[in-house]
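*Asks:* just a sequence and a predicted model for now, questions to come.
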Amino acid sequence: MIKRNRVTIKDVAMQADVSIATVSKIINGKDKHISEETRQRVFEVIENLEYIPNSMAKGLKEASTRTIGLVIPDIGHAFPEMAKGAQDEAFVHGYTMFFCSTDNNSIQEEKFLNILKSKMVDGIIYVSSDYETSKRLLWDISIPIVAVDRKIDKNQNMGSVGIDNFSAMRDVAKYIVNKGCKKIAYITSDVLMSPSKERYEGFITGLKEMGIDFDKKLHYLGDFSVETGNIGAMVLLQRDPEIDCIVCGNDSIAIGAISTCQKLGKEIPGDIKIIGFDDIYISKYLNPELTTVRQDAYEMGKQAASMLIGYIENKIPLTDMILPYEIMERSTV
């Protein structure tokens, strides 16, 4: 058998065309001043060469699996970017990820959480499918958990990472009113689930602060899919053809709403304005380009993994971390 030489940090630096110091900073998360392009290039080389940081060896000496579970509702929307951020951060600390997609099914979610507990993972990054499921499953769990983009009843072993969904959608309401919109519709998923509930409440509050009472006949409930945007826009415009703006609970809904409005012969943004939420990758490549609220899903995943590992290794307290958001002004408003 041919013995394979061990890949070193020097090999990674040479192939990525950067210094050893740069690779070290990226691996250790001290990369604030390093461009995203360089970071991604280094990670690609690390993966291609199958480079294993020395920190991986710690698991041989510790009572630790050096594995983190990641539970997400599906593999669409902004979740792939979030998962990538968590995986990249976990990797540089010598942890592997155990991915579970629940397909928004509470029974599947419970099954996955039980599997993760039985596999003795060191911690879990968790995006719940609904509030009641998370409340029931997590009240007595002893494994440290960081919830992402969700507010759930917490115990002492839980932290969270996300944006202020209420404030973000309140800002959206004010933004579109300032753009001249008066007949405003809203398409979203179940408003009993966080973050949908917080966004809806922020939207209503923002309109009230601008002197507008929301007409609940212009509220369509579905899920976070393109189909919901398609159907919702059609239903709402049949109820009131004078709608001049559709606010969408996420970008997938907005994509569906754009499609329906274009089929109906409406000019965007001339006849009707549309705004999404998340700023998924495709948003800036649509025609017209989607105006949306950007929440950095990659950074959410990265910070969730960082917080979890900080607790696992050094007992740094789990906290509630609020990340910034931004309205990305493009061509649909």
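*Replies:* That came through fine.
*Asks:* all contacts plus neighbour counts: C-alpha atoms, from now on.
*Replies:* Will do.
*Asks:* just the helices in the stretch 101-250 of the chain please.
*Replies:* Shown for the stretch 101-250 of the chain, the helices assigned by DSSP state H, counting those that start in this stretch span residues 106-118, 131-138, 165-178, 196-209, 226-239.
*Asks:* okay, those in CSV with mean pLDDT, mean neighbour count and distance to A83 next?
*Replies:* Below are the helices of the stretch 101-250 of the chain laid out as CSV (pLDDT from 0 to 100; neighbours: other Cα atoms under 10 Å; distance: least, Cα to Cα, whole Å):
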stretch, mean pLDDT, mean neighbour count, distance to A83
helix 106-118, 80, 16, 16
helix 131-138, 69, 16, 19
helix 165-178, 98, 20, 20
helix 196-209, 95, 20, 21
helix 226-239, 98, 20, 21
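*Asks:* got TSV for those, with distance to G270 too?
*Replies:* Listed next are these as TSV, based on distance: least, Cα to Cα, whole Å:
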stretch	distance to G270
helix 106-118	42
helix 131-138	39
helix 165-178	13
helix 196-209	21
helix 226-239	16
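*Asks:* so which of the ones you listed comes closest to A305?
*Replies:* The closest of the helices of the stretch 101-250 of the chain to A305 is helix 106-118. By Cα to Cα, the value is 16.0 Å.
*Asks:* contacts for that closest one, please.
*Replies:* Helix 106-118 is contacted from outside by 69, 71, 100, 102, 129-130, 133, 137, 143, using Cα atoms under 8 Å, 6 or more residues apart in numbering.
*Asks:* give me the phi and psi for V92.
*Replies:* The phi and psi values for V92, taken as degrees, to the nearest 10, are phi -70, psi -20.
*Asks:* what subset of the contacts of helix 106-118 is buried?
*Replies:* Buried subset of the contacts of helix 106-118 (neighbour count, 16 or more other Cα atoms under 10 Å): 69, 71, 100, 102, 129-130, 133, 143.
*Asks:* so which of the residues you listed belong to strands?
*Replies:* 69, 71, 100 (DSSP state E).
*Asks:* surely the first one is in contact with A90?
*Replies:* No - using Cα atoms under 8 Å, G69 is not in contact with A90, being 10.6 Å away.
*Asks:* which residues do the two both contact?
*Replies:* Residues touching both G69 and A90 (Cα under 8 Å, 6+ apart) are M97.
*Asks:* so which bits of the helix or strand hosting Y298 are buried?
*Replies:* Element membership of Y298, judged by DSSP states H and E, is helix 297-314. Buried residues in helix 297-314, counted by 16+ other Cα under 10 Å: 297-309, 311-312.
*Asks:* now do the same contact list for F277.
*Replies:* Counted by Cα under 8 Å, 6+ apart, F277 has contacts 248-251, 292-295.
*Asks:* to clarify, my last question referred to I280.
*Replies:* Counting by Cα under 8 Å, 6+ apart, I280 makes contact with 77-78, 251.
*Asks:* which one of those residues is nearest to E44?
*Replies:* Using Cα to Cα, the contacts of I280 come closest to E44 at A78, 20.9 Å.
*Asks:* surely the closest one meets Q295?
*Replies:* No - if you go by Cα under 8 Å, A78 and Q295 don't touch, sitting 9.1 Å apart.
*Asks:* the more surrounded of those two?
*Replies:* Under the criterion of other Cα atoms under 10 Å, the comparison of A78 against Q295 puts Q295 first, with 24 against 21.
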